[in-house]
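Participant: Just the structure for this:
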Amino acid sequence: MYKTIKDILSESLIEIKESSDNSLSLSRLDIEYCLMEALNKSKEYLYSYPEKIIDDSQMVKFESLFSSRLSGKPMAHILGYHDFYKYRFEINQNVLIPRNETEIIIPKILEVGDKIFHKIGRLRVIDAGSGSGCIGISIAKERKNWDVLLIEKSKKAIKLLKKNKSHHLVNNVKIINSDWLTSIQANSIDMVISNPPYIAKNSKFINKYVDKYEPGLSLYSKENGLFDLKKLIVASRKVLKNNGALILENGYDQSEKVTKCLKENYYKDIDIILDYNDIKRFTLSRNSNYEQKDNSQNCRSS
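Facilitator: Model (predicted):
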């Protein structure tokens, strides 16, 4: 029996609602992505031609894709890509899948960077722990006169990072294989951005499918998820110029501790940005010359 696009959408939605595994967080969007991939058509096409009959080969491909999603495999791994901000990035199991809430910070990064650029006529920015490059490459695409350094420790992730750099044809991007900021010269950077691992290893809130399919190196950090955030705060103090900006993504319950660590290391103008769920997701600050940079200290435990 032949089925139309409308049939598949409605029947698959029922299948999702009847699924006993609520941790999958499936939605109509998952069905749409599988259909778009199977038909090689846009979302607009799906709703412009709901009575279009799907042929056998297309149906087989859709069922395979949708079955993988029902089994818990992330859509980004099924498709091999993920849309972030205005751009599409290749994704695999070696990098974190970009989160929608991370997109919130891009306009703020551009705003802060523009102010620095207009003041000094140039900008060197680091995306630390770049992964797929979704943050750094998006910024480089938006601001072709900025110099963007993508720093990544994982050599497997760097292979993917190079693919995404090549795909997006960004000439103002340099990839560096480094453990955070250890390869960066002191007092040489205008802005550091990072979405580091910040989940506690024993967290009860991590989705089992995230834990299964995404790299632990990009997810988990010691000291209840604060180790890498603290390390970045101390390291950025050394590489940032006076008044250089530090923009960090942090966990839902970490904002106060991150702010405390920033104050202990003499950062100023600390600001908090909320995500879509009103969680204190991003912490912005500026470096100061209050003390010599080599006096930066490890943040005390709260």
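Participant: got the residue ranges for the helices in the protein?
Facilitator: 5-17, 28-39, 43-48, 56-70, 75-79, 105-120, 134-142, 155-168, 208-213, 216-219, 222-225, 227-239, 255-264 (DSSP state H).
Participant: Of all those, which one is nearest residue 181?
Facilitator: Proximity to residue 181 (C-beta to C-beta) singles out helix 227-239 among the helices of the chain, at 4.2 Å. C-betas here are computed from N, CA, C, even on glycine.
Participant: where in this structure is pLDDT low?
Facilitator: 1, 20, 291-297, 300-302 (pLDDT under 70).
Participant: Skip the chain neighbours and tell me the closest residue to residue 247.
Facilitator: In space, and not counting its chain neighbours, residue 247 is closest to residue 193: 4.7 Å by C-beta to C-beta, 6 or more residues apart in numbering.
Participant: Could you give the bridge partners of that neighbour?
Facilitator: residue 127, residue 247 (DSSP bridges).
Participant: With adjacent residues omitted, what lies nearest to residue 210?
Facilitator: Per C-beta to C-beta, 6+ apart, closest to residue 210 is residue 219, 7.1 Å.
Participant: And the residue nearest to residue 131 when sequence neighbours are not counted, its phi and psi?
Facilitator: Distance criterion C-beta to C-beta, 6+ apart; nearest residue to residue 131, sequence neighbours excluded, is residue 95 at 4.1 Å. The phi/psi pair for residue 95 (degrees, to the nearest 10) reads phi -130, psi 160.
Participant: try residue 206
Facilitator: Backbone phi and psi, for residue 206 under degrees, to the nearest 10, turn out to be phi -80, psi 130.
Participant: how close does it sit to residue 153?
Facilitator: 21 Å (C-beta to C-beta, to the nearest Å).
Participant: try residue 136
Facilitator: Relative to residue 153, and taking C-beta to C-beta, residue 136 is found at 15 Å.
Participant: how deep is the residue nearest to residue 210 tucked in, by neighbour count?
Facilitator: Residue 219 has 17 neighbours, counted by other C-beta atoms under 10 Å.
Participant: do the same with residue 47
Facilitator: 12.
Participant: cool, and residue 205?
Facilitator: Other residues close to residue 205 by other C-beta under 10 Å number 9.
Participant: What values do phi and psi take at it?
Facilitator: The phi/psi pair for residue 205 (degrees, to the nearest 10) is phi -100, psi 0.
Participant: Excluding chain neighbours, give the residue nearest to residue 250 in space.
Facilitator: Leaving out its chain neighbours, residue 250 is closest to residue 258 (C-beta to C-beta, 6+ apart), at 5.0 Å.
Participant: how far away is the one you found from residue 146?
Facilitator: 25 Å.
Participant: buried set for stretch 121-129?
Facilitator: 123-129 (16 or more other C-beta atoms under 10 Å).
Participant: meant to ask about stretch 87-104, not that
Facilitator: Buried, per 16+ other C-beta under 10 Å, within stretch 87-104: 87, 89-92, 94-98, 102-104.
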